[in-house]
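Enquirer: mind looking at a prediction? Sequence and model below.
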Protein chains: 6
Amino acid sequence: MSVIRRGLFLGRFQPFHNGHLSVIEHMIEDEDIDEIIIGIGSAQEAYTLENPFTAGERFEMINNTLRMQSWYGIKPIHILPIMDIGSNYKYMSYLQTIFPQFHVYYGSNDLMHVLCSNAGLESISVPFDDEFHRSGTWIRANIKANKLDWRDYVPEAVVKYIISNARLFQWTENNICNK
Amino acid sequence: MSVIRRGLFLGRFQPFHNGHLSVIEHMIEDEDIDEIIIGIGSAQEAYTLENPFTAGERFEMINNTLRMQSWYGIKPIHILPIMDIGSNYKYMSYLQTIFPQFHVYYGSNDLMHVLCSNAGLESISVPFDDEFHRSGTWIRANIKANKLDWRDYVPEAVVKYIISNARLFQWTENNICNK
Amino acid sequence: MSVIRRGLFLGRFQPFHNGHLSVIEHMIEDEDIDEIIIGIGSAQEAYTLENPFTAGERFEMINNTLRMQSWYGIKPIHILPIMDIGSNYKYMSYLQTIFPQFHVYYGSNDLMHVLCSNAGLESISVPFDDEFHRSGTWIRANIKANKLDWRDYVPEAVVKYIISNARLFQWTENNICNK
Amino acid sequence: MSVIRRGLFLGRFQPFHNGHLSVIEHMIEDEDIDEIIIGIGSAQEAYTLENPFTAGERFEMINNTLRMQSWYGIKPIHILPIMDIGSNYKYMSYLQTIFPQFHVYYGSNDLMHVLCSNAGLESISVPFDDEFHRSGTWIRANIKANKLDWRDYVPEAVVKYIISNARLFQWTENNICNK
Amino acid sequence: MSVIRRGLFLGRFQPFHNGHLSVIEHMIEDEDIDEIIIGIGSAQEAYTLENPFTAGERFEMINNTLRMQSWYGIKPIHILPIMDIGSNYKYMSYLQTIFPQFHVYYGSNDLMHVLCSNAGLESISVPFDDEFHRSGTWIRANIKANKLDWRDYVPEAVVKYIISNARLFQWTENNICNK
Amino acid sequence: MSVIRRGLFLGRFQPFHNGHLSVIEHMIEDEDIDEIIIGIGSAQEAYTLENPFTAGERFEMINNTLRMQSWYGIKPIHILPIMDIGSNYKYMSYLQTIFPQFHVYYGSNDLMHVLCSNAGLESISVPFDDEFHRSGTWIRANIKANKLDWRDYVPEAVVKYIISNARLFQWTENNICNK
């Protein structure tokens, strides 16, 4: 077995939406990539307007979608939570130790592009397809406001998962923490 | 001795004011509650405009008031500091391990109501009596601006404690920490 | 109200035993002390052979005993959890900020005596009465080995609390943590 | 899609060996389980005699083995790192938030059996097949001592991974940390 | 050797500028001070618009300037990083343990003046000379906007260090962390 | 100014002894090194038998010795505290961000030699001169036992500093922390 070449897609996935899906589809089709890592960022956050879903719930949204797309059969896809560690300069060595070896970063965080470049890794800015894409912020606002439009912008498996689970509508303005 | 039934009142108490006092009075009179826990939230914060008083100082404000009211003689009242732990989803299990068993939550934090409901605990939204109540924010602004009105909205023991202690007027715009 | 003079008794209370009780009795009788603080040390520990009981459970053991002794009516007694913070030199300023002001330390931790002396506080080495006292280590070993002797060395309220609560017998050799 | 039923196998995998493999084989064959979670415990540890391999390296050992066994095609298998959090009583709510929902725990950690039982989850003590199984401790001692016997007790993909990667032989008696 | 009297100058030095330099010059000339400590605050921050430079890079800016000024030959000057510790009330005991003994604080942080006063230490508000001084915020905005004016407001050694090092222009709007 | 070449000497310095001094002397004489960094490891530890002295006290021992040797005039020497961060694999990127750039590591920690080699840095095993050298463990045991022999194995400035400061004899068997 020669070295397995992995692409890393990093996002918060609050929730997992069609824009994210199109990136993974692109990685599925990319023959230079043997395996896909989907890193769930800010894994420690949950219950708030900005971060309503736990890492486990976000994992299930992605996993259900991948099963429905039958993409697990094409190449191994690993969904991995990753905590914020409060320190930009240690983040890359944190990622490289907790995750299996990866070779290309996909995502839109400017700092990650800088850190990858310094570490000698490729990084690719992800182009979202605007026609059928809305941002996580827009989608969360719609769910919160009880507008149904958001259903058009997330994968079917995610719609099913969210609407069948009352826990997922527990978003609060408060944080337990003072700041 | 059958199981002791405890009510938990959670607040930041910056400072302890008449609205808080009325809630505790309500709990004193409530025959369903054998003991009262007063949880001092964000116990690690101090010295700032938003959180001027240390947990120890807030403890003394509450304790002095309870002594002046002679409420310790009616039912056991426990004043317990509780730190922010930076993670909403672990907060309830943190509370349940550090505090003695409690059965009803009193307070105004939406997320605590959600967490209590998920944990199978009762929770009660505290109605402040608006006639003689002002918010902590209003009271802090008045103390800071050297207006004396705030004295009408906190218990007498708290007025005495604050005005006799120069340390309690050390509020700064700065935080040691960068954010 | 002049300044309230408080004594601090600090221990792990795994479990609360007759030696601890005799110290508190001494503090109850000491006319120089207006209030008593019982600090539950290593509050974050639980479930292990060395630290089987949670801070909340240790709180209940002490509280039940104080109620049975009718000591709450004599002077205010505050039971306060205190975490290990992994740093000896910050511990005293941590204690002094989280706890209400205290003036005398009771206990057997050498380092606390040093820290109190440096901070200008009195500290008193607690003499346990050996005739009816056994150490926490001895008591835990007996509970674990299913010998009944331990019942003679802890207050009656603690015996009742422990034997009526199956959770309290969940002691494991393992820790979740690696070290 | 009805609820997906998941089994959780938790270990440190220093390294992944035949005993671990047999547990996963058992989970592959168990028709009550739709998906498998392999939790890599103490994910933050590496470079020491007790914990030589990083979480990422342990991930690759397991992943290579699963690929060679062609087990990914049978049911989804998720390999997830999990940090020690220094607190036994928060560990279960930590697991339940970071991981997707799971229903049965497999493993040999006594405390995890207690915590699962308290949380209303099934848990199963994993029987290792002694004929072809050696403990991680035994295997590490053999790798360290340059004896080749260890190769008989870990999957072929793990042997290949270790012997082809010089980094994996950097075990030190020292820790950077003082304790 | 009698007791060495030290002055502490505390700042973030993002970047080290002429205003900072003038304070150190003042401390060099002050005959009451035997040694100078320059504390690099928020040492853990880097890569962001507010905190672009690492503690090590800020150290080099200061060190290069001190060498060019030949100030090391006049009295010992110690440049020491200091982390934010997220807790105002433990900060002074943290400083006093990590740093060698100091006697006078120079700087503009209100809270530090309060904490020094409580600890019985002198503290001096630093007057910046407005004619040739611009704030760190102004300087960072100019560097970011590619205006060259900032070069007039930082020491020559800092200009050289910044313009010769591409890493120092990696400022991002993003933080790895969610907040 | 071309790039400044720095040597890093890392130790715990509990206390600073003649063996340490001989390494620094070697670095003073080594013409390949422009500046010297002395990293005080485990800076957060103090008051215990294994780590009696605070980082600030260890700083003063070293600083006093350097002044008495008149070594500050030869090349810049920076004494920098460094905390344990509980994670081997992030330690090198931590060092490289907090410290100014360094090029050669001196010391006896095996893991540091591995980490330096992986980071492309030189590292040199420090040979102590056995004739006049005793280990920190031996010296601490002698100080504790009130034998005076230890005075022959630490620099004169350290002897003076220790014997004139009662605080430095506050070593306890206890730690505040439970483990």
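Expert: Okay, I see it.
Enquirer: going by C-alpha atoms from here, please, whenever you check contacts or count neighbours.
Expert: Will do.
Enquirer: what about the strand or helix carrying residue A:157, distance to the chain center?
Expert: Taking DSSP states H and E as the definition, one finds residue A:157 inside helix A:156-163. Distance of helix A:156-163 from the chain centroid (CA atoms, centre = their mean, to the nearest Å) equals 16 Å.
Enquirer: same question for stretch A:42-49.
Expert: The answer for stretch A:42-49 is 13 Å, by CA atoms, centre = their mean.
Enquirer: mind listing what's buried in it?
Expert: A:42-49 (16 or more other CA atoms under 10 Å in any protein chain shown).
Enquirer: about what we covered before: now do the helix holding residue A:157: everything it contacts.
Expert: Here helix A:156-163 makes contact (CA atoms under 8 Å, 6 or more residues apart in numbering or on different chains) with A:16-17, A:61-62, A:64-65, A:68, A:151, A:168.
Enquirer: what do you get if the cut-off is 10 Å, keeping everything else the same?
Expert: Contact with helix A:156-163 is made by A:15-18, A:53, A:57-58, A:60-69, A:143, A:150-153, A:164, A:168-169, D:1, as judged by CA atoms under 10 Å, 6 or more residues apart in numbering or on different chains.
Enquirer: can you select the buried ones among the residues you listed for me in PyMOL?
Expert: Selecting the buried subset of those in PyMOL, with 16+ other CA under 10 Å as the burial test, is done by:
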select buried, chain A and resi 15+16+17+18+53+57+58+60+61+62+63+64+65+66+150+151+153
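Enquirer: in helices, which of the contacts of helix A:156-163 fall?
Expert: Counting by DSSP state H, these place A:18, A:57-58, A:60-68, A:143 in helices.
Enquirer: out of those residues, which one sits closest to residue C:103?
Expert: residue A:57 (50.0 Å; CA to CA).
Enquirer: what helix or strand does the nearest residue to residue A:73 once chain neighbours are set aside sit in?
Expert: Leaving aside its sequence neighbours, residue A:73 sits nearest to residue D:73 (CA to CA, 6 or more residues apart in numbering or on different chains; 6.6 Å). Assigned by DSSP H and E, residue D:73 falls within no helix or strand.
Enquirer: next, count neighbours for residue D:73.
Expert: Residues contacting residue D:73 under the criterion other CA atoms under 10 Å in any protein chain shown number 14.
Enquirer: and for residue A:26?
Expert: Neighbours around residue A:26, by other CA under 10 Å: 11.
Enquirer: distance between the helix or strand in which it is found and the chain's centre?
Expert: Using DSSP H and E, residue A:26 sits in helix A:18-29. Relative to its chain's centre, helix A:18-29 lies at 11 Å (CA atoms, centre = their mean).
Enquirer: and that helix, what's buried?
Expert: By 16+ other CA under 10 Å, the buried positions in helix A:18-29 come out as A:18-24, A:27-28.
Enquirer: the following helix or strand past that helix close to chain B?
Expert: Using DSSP H and E, the helix or strand that follows helix A:18-29 in sequence is strand A:35-40. No - applying CA under 10 Å from any CA of the partner chain, one finds strand A:35-40 separated from chain B by no less than 16.3 Å.
Enquirer: so strand A:35-40 versus helix A:18-29, what angle?
Expert: Orientation check (axes from the mean of the first three to the mean of the last three CA atoms, to 10 degrees): strand A:35-40 against helix A:18-29 gives 160 degrees.
Enquirer: got any ranges where chain A has weak pLDDT?
Expert: Applying pLDDT under 70 to chain A picks out residues A:1-2, A:129-132, A:174-179.
Enquirer: 90 - rerun?
Expert: Confidence mapping of chain A against pLDDT under 90 gives the ranges A:1-3, A:44-45, A:48, A:84-91, A:93, A:107-111, A:125-135, A:146, A:148, A:170-179.
Enquirer: how close does the closest residue to chain E within it get to chain D?
Expert: Nearest residue of chain A to chain E (CA to the nearest CA) works out as residue A:84 at 5.1 Å. For residue A:84, the distance to chain D (CA to the nearest CA, to the nearest Å) stands at 13 Å.
Enquirer: also residue A:148?
Expert: Separation of residue A:148 from chain D (CA to the nearest CA): 22 Å.
Enquirer: quick one: that residue from residue A:154, how far?
Expert: According to CA to CA, to the nearest Å, residue A:148 stands 11 Å off from residue A:154.
Enquirer: so what sits against both of those two?
Expert: Taking CA under 10 Å, 6+ apart as the criterion, residue A:148 and residue A:154 both touch residue A:139.
Enquirer: so which of these two has more stuff around it?
Expert: residue A:154 (24 against 11).
Enquirer: list the contacts of the closest residue to that one other than its chain neighbours.
Expert: Nearest residue to residue A:154 in three dimensions, chain neighbours excluded: residue A:17, at 4.1 Å (CA to CA, 6+ apart). For residue A:17, the contact set (CA under 10 Å, 6+ apart) comprises A:61-62, A:132-136, A:139, A:150-156, A:158-159.
Enquirer: same check, this time on residue A:61
Expert: Taking CA under 10 Å, 6+ apart as the test, what residue A:61 contacts is A:13-17, A:53, A:55, A:154-162, D:100.
Enquirer: OK, contacts around the nearest residue in space to residue A:95 that is not next to it in sequence?
Expert: Once flanking residues are discounted, residue A:95 sits nearest to residue A:82: 7.9 Å by CA to CA, 6+ apart. In this structure, residue A:82 makes contact with A:10-12, A:38-44, A:55, A:94-95, A:98-99, D:81-82, D:98, judged by CA under 10 Å, 6+ apart.
Enquirer: mind checking which of those residues are in strands?
Expert: A:10-11, A:38-40, D:81 (DSSP state E).
Enquirer: run a quick neighbour tally on residue A:141.
Expert: Neighbours of residue A:141 under the rule other CA under 10 Å: 14.
Enquirer: near chain E, which residues of chain A?
Expert: Counting by CA under 10 Å from any CA, chain A sits next to chain E at A:12, A:41-45, A:50-51, A:83-92, A:108-115, A:118, A:179.
Enquirer: if we go to 6 Å?
Expert: Contact residues, chain A versus chain E (CA under 6 Å from any CA of the partner chain): A:84, A:86, A:88, A:111.
Enquirer: got a markdown table for the residues you listed, with neighbour count and secondary structure too?
Expert: Listed next are the residues of chain A next to chain E as a markdown table, based on neighbours: other CA atoms under 10 Å in any protein chain shown; DSSP: H, G, I helix; E, B strand; the rest coil:
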| residue | neighbour count | secondary structure |
| --- | --- | --- |
| A:84 | 17 | coil |
| A:86 | 15 | coil |
| A:88 | 21 | helix |
| A:111 | 20 | helix |
